[in-house]
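>>> quick one, fold the following:
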Amino acid sequence: MESKQDKATTAGVPALLKDSLPGKLLLLPLPSRPFFPAQTMPIVLPENLWLETVDRVGQTPHQMVGLVYAPGNGQEIPDAGQFATFGTVARMHQPVRGDGRIQFIAEGLQRFQIGSWLSRKAPYVALVDYPRPPDENAQEIRAYALAIIGKIKELLPHNPLYKENVRAYLERFSPDDASPLGDFAAALTSASGAELQEVLESVSLLRRLEKVMLLLQREVEIVGLQSEIRQKVEERVSERQREFFLREQLKEIQKELGISKDDKTIEAERFRERLADCVVPPEAQKRIDDELQKFSMLESGSPEYAGTRNYLDTLTSLPWGKYTTDHLDIDAARRQLDRDHEGLSDVKDRIVEFLGVGALTGQIAGSIILLVGPPGVGKTSIGRSIADALGRKFYRFSVGGMRDEAEIKGHRRTYIGAMPGKFIQAIREAQSANPVILLDEIDKIGSSYQGDPASALLEVLDPEQNVGFLDHYLDVRVDLSRVLFVCTANQLDTIPRPLLDRMEVIRLAGYVAEEKLAIAKRHLLPKQRKKAGLSATQLTFSDAALRTVIDGYAREAGVRNLEKQLNRVARKAALKVLRKPTETVKVTPDNLSEFLGKPVFRLEETQHGVGVVTGLAWTAMGGATLEIEATRVHTKNRGFKLTGQLGEVMRESAEIAYSYVSSHLGDYDGDPAFFDEAYVHLHVPEGATPKDGPSAGITMATALLSLARNEELARPLAMTGELTLTGRVLPVGGIREKLIAAKRVGIREALLPEANRGDYEELPDYIRRGIKVQFVAHFSEVVDKAFRKPRRRARAT
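I've put the predicted structure just below:
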């Protein structure tokens, strides 16, 4: 039977207070964990979200608010559906505003259940019920309460905050009151919000105490484990301190007896030994001596000790005065290049000429080679071959995306973690003062608020300045004049002009199909067989299959994608051999799709017809053909429309072509009034690919003239050249790449600007072979060579 005192209280709240609890409450969400009736603690909320709610609570006579768990980040107003069904009514004390937040002391009173919503938007208002716990076995409840008190006693020694919380609890409640005891114990734990919400929603006191007991048991285990870890760490620290003191004592004893040297002396001797075979410049030697003197005076625990040691380690690791002997045999160099690379005869000739000059002068110094070409044509490997041919050490690093000039010139020693720049690192790693240093992707170098690396490269690459290159970290001048710099780039447009002026440009245009076939047979296929663990008999490729791979799957100017496709075939072949060791995989055009799927590239066929002309274009991936199409849409009004994602320069070229052909149509056997009443649409296919540049000027003019004359070209041919308003044909770039693209699609005749004749004559024979090239200086010559009917000459007046 319950006593009168027990009946006078319900769940730790006096009956008088329970009768005064409001049935309608303003609600505030708690994003991390629920609030319990036995708690008294500050609540902090964003002022911009909940100021109105707090003000309205302050205006009520009871000044009570409902605190409800609503998971979230606390920076946004939750939906009503995110609120839990149970919460705690709390009295609000001392609300304070400041720093964009509002804070008050919440005194938990009683759990409630939301009955219905009066306002589902902030400020939230709801009608609430205060559930009464059922009558339960008092002895069992008392047993749980005692067990919970025991667990709380186990927690107290581990954290002083637990003691403060217990003291605050005892000021409000009796330790014999089981309901607030259970709520208080649950609030002590580090359980998740969802687990604590289950405790809050447990109206049955016995059920609630069961859940709290489980949470407390887990908390005791966690706290015990934390104490064990902390104790082990403290023991290790104490042990290391003891070892440190003993070692220091041992060092002092050994020094007194003269039987050992300390670490600092050993380091200093090692630094001096490194310089024994070096020819150190006087300035650098003075700096090293000063730093060694400073190093000997520093204590090992000093903050400067590690910085000075690292600085001396870098200074003494450099190969001062150590140079490798150059192999200046140009025949051996040519054999090295031929062994490593197929084709590229003109590039090899340029490199051998460059080495020949070095052979006559006795050294190769003060030179910067820039290899420009599409991806995968072998720029980086050519740099390595140059180093092998000269017998020099090789070091490569990429400057693509580099935005901090400290990576070039080093960090100043005042910074934590300072280190020398890439060039000092290269010489240190190569252990030679005249290595070949390859700067990859120099056209993709960037700039930012941290400096302009391209400008910093000017000092490094300029032969007049790099004799005394000053790295910020070393703060000692280093001679880089004997270093051979090789740079690679995909295009020249993004390289700063002052930097480009210091380089000798060698262009790699890409490979034709015959060269790709030879590279695949002699280099790529054996390499992929070896990587896959296959022998030459286990995987065979017919020449026709290799040609199909080149034409249908790897049509780019380089061979990187070709190597990837061969790697795919080798992997699948290896799987077949693994399943059946006696299997011999023969790849032919008929079964190639089993390994690589359907061809990526369709067979390019030049289009013929009125208003259709083939142009030649240059891209970063090599040359390409463009089928430029023109058609008359209607004759209601004059107009000109351009499509195909054309850049600003290309749109201007199209407008020039339209203006020129319109104004000179009578001179080229066309109806002078054709464009006066025709709405013309000019399109460059593959609209998803951006296009720009002036080199399609004569191609677009020819397409417009073909449309106006209603006459297609006399024969398949391609053309490139910039057109002016007076009909002159100006030179363009990328002649080599464009002719390779024309040959790839089977075009056997091309029109080039007269001013590009020199560029054409410098091309190797294997590119000029098989294609007829005619040169034009004026658009009238284009018309005479492209159409069947000769141009009607203008009559003399």
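
>>> only C-alpha atoms for contact and neighbour calcs from this point on.
Noted.

>>> and His634, what is it in contact with?
Applying Cα atoms under 8 Å, 6 or more residues apart in numbering, we find His634 in contact with 678-680.

>>> and the longest strand seen in the chain, what other elements does it pack with?
Ordering each strand of the chain by length in residues (DSSP state E) puts strand 101-119 first. Strand 101-119 sits against strand 40-46, helix 47-59, strand 86-98, strand 124-129, with contacts defined as 3 or more Cα pairs under 8 Å, 6 or more residues apart in numbering; DSSP states H and E.

>>> swap in 6 Å and give it another go.
With contacts defined as 3 or more Cα pairs under 6 Å, 6 or more residues apart in numbering; DSSP states H and E, strand 101-119 has these neighbours: strand 40-46, strand 86-98, strand 124-129.

>>> can I get that strand in PDB? Just the C-alpha atoms.
Output of strand 101-119 as PDB, limited to C-alpha atoms (Å, rounded to 0.1, in the frame of the first residue of the first chain):
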ATOM      1  CA  ARG A 101      22.300  33.500 -28.900                       C
ATOM      2  CA  ILE A 102      19.700  33.400 -26.200                       C
ATOM      3  CA  GLN A 103      20.300  31.500 -23.000                       C
ATOM      4  CA  PHE A 104      18.200  30.600 -19.900                       C
ATOM      5  CA  ILE A 105      18.300  28.200 -17.000                       C
ATOM      6  CA  ALA A 106      15.800  25.300 -17.400                       C
ATOM      7  CA  GLU A 107      14.500  23.600 -14.300                       C
ATOM      8  CA  GLY A 108      12.900  20.300 -15.300                       C
ATOM      9  CA  LEU A 109       9.600  19.500 -13.700                       C
ATOM     10  CA  GLN A 110       7.600  16.800 -15.400                       C
ATOM     11  CA  ARG A 111       7.400  14.700 -18.500                       C
ATOM     12  CA  PHE A 112       4.500  15.300 -20.800                       C
ATOM     13  CA  GLN A 113       3.000  13.800 -24.000                       C
ATOM     14  CA  ILE A 114       2.000  16.000 -26.900                       C
ATOM     15  CA  GLY A 115      -1.800  15.600 -27.400                       C
ATOM     16  CA  SER A 116      -2.500  17.900 -30.300                       C
ATOM     17  CA  TRP A 117      -0.900  20.800 -32.100                       C
ATOM     18  CA  LEU A 118      -2.300  24.300 -31.900                       C
ATOM     19  CA  SER A 119       0.500  25.700 -34.100                       C
END
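
>>> so what strands line up beside that strand?
Sheet pairing for strand 101-119, assigned by DSSP bridges, gives strand 40-46 (antiparallel), strand 86-98 (antiparallel), strand 124-129 (antiparallel).

>>> so which residues of the stretch 251-400 of the chain form helices?
Here the stretch 251-400 of the chain has its helices, by DSSP state H, counting those that start in this stretch, at 263-274, 282-297, 303-317, 330-340, 345-361, 379-390.

>>> so which residues make contact with the third one?
Put plainly, it is helix 303-317. Contact with helix 303-317 is made by Phe271, as judged by Cα atoms under 6 Å, 6 or more residues apart in numbering.

>>> let me see the contact set for the residue nearest to Gln110 when sequence neighbours are not counted.
Nearest residue to Gln110, sequence neighbours excluded (Cα to Cα, 6 or more residues apart in numbering): Pro37, at 5.0 Å. Contacts of Pro37 were listed using Cα under 6 Å, 6+ apart, and they are 108-110.

>>> with Val585 instead?
By Cα under 6 Å, 6+ apart, the residues touching Val585 are 538-539.

>>> what about it? Give its phi and psi, please.
phi -90, psi 120 (degrees, to the nearest 10).

>>> could you list the residues in contact with stretch 636-645?
676-685, 687, 690.

>>> now secondary structure and neighbour count too, for the contacts of His634, in TSV please.
Listed next are the contacts of His634 as TSV, based on DSSP: H, G, I helix; E, B strand; the rest coil; neighbours: other Cα atoms under 10 Å:
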residue	secondary structure	neighbour count
Ala678	coil	19
Tyr679	strand	18
Val680	strand	23
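
>>> ok, which stretches of the stretch 601-750 of the chain are helices?
Using DSSP H, counting those that start in this stretch, helices in the stretch 601-750 of the chain cover 648-663, 697-709, 735-744.

>>> winner for burial among these?
Among the helices of the stretch 601-750 of the chain, ranked by average contacts under mean count of other Cα atoms under 10 Å, first place goes to helix 697-709 (a mean of 28).

>>> now render the strands paired with strand 101-119 as CSV, adding distance to Gly558 and mean pLDDT.
Formatted as CSV, the strands paired with strand 101-119 follow (distance: least, Cα to Cα, whole Å; pLDDT from 0 to 100):
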stretch, distance to Gly558, mean pLDDT
strand 40-46, 60, 89
strand 86-98, 65, 91
strand 124-129, 67, 92
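
>>> can you redo those strands as CSV with distance to Glu273 and mean neighbour count?
Formatted as CSV, the strands paired with strand 101-119 follow (distance: least, Cα to Cα, whole Å; neighbours: other Cα atoms under 10 Å):
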stretch, distance to Glu273, mean neighbour count
strand 40-46, 65, 17
strand 86-98, 66, 19
strand 124-129, 79, 19
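
>>> of all those, which one is nearest Gly401?
Closest approach to Gly401 among the strands paired with strand 101-119 (Cα to Cα): strand 40-46, 42.0 Å.

>>> what's the distance between that closest one and the middle of its chain?
Distance of strand 40-46 from the chain centroid (Cα atoms, centre = their mean, to the nearest Å) equals 43 Å.

>>> per-residue pLDDT, Leu488?
Not Leu; residue 488 is Thr. For Thr488, the pLDDT comes out at 90.

>>> and it, its phi and psi?
Main-chain dihedrals, Thr488, degrees, to the nearest 10: phi -130, psi 150.

>>> ok, it touching Gly373?
No: assessed by Cα atoms under 6 Å, Thr488 is found out of contact with Gly373, at 8.0 Å.

>>> for Val505, identify the helix or strand it belongs to.
Here Val505 sits within strand 504-507, counting by DSSP states H and E.

>>> tell me what that strand is packed against?
Packed against strand 504-507, as judged by 3+ Cα pairs under 6 Å, 6+ apart, are the following elements: strand 368-372.

>>> listing partners with orientation, what would you give for the strand it packs on?
As defined by DSSP bridges, the strand partners of strand 368-372 come to strand 484-489 (parallel), strand 504-507 (parallel).

>>> gap between the helix or strand following the shortest one and the chain center?
Sequence-wise, the next helix or strand beyond strand 504-507 is helix 513-519, with elements assigned using DSSP H and E. Mean-position distance between helix 513-519 and its chain equals 34 Å (Cα atoms, centre = their mean).
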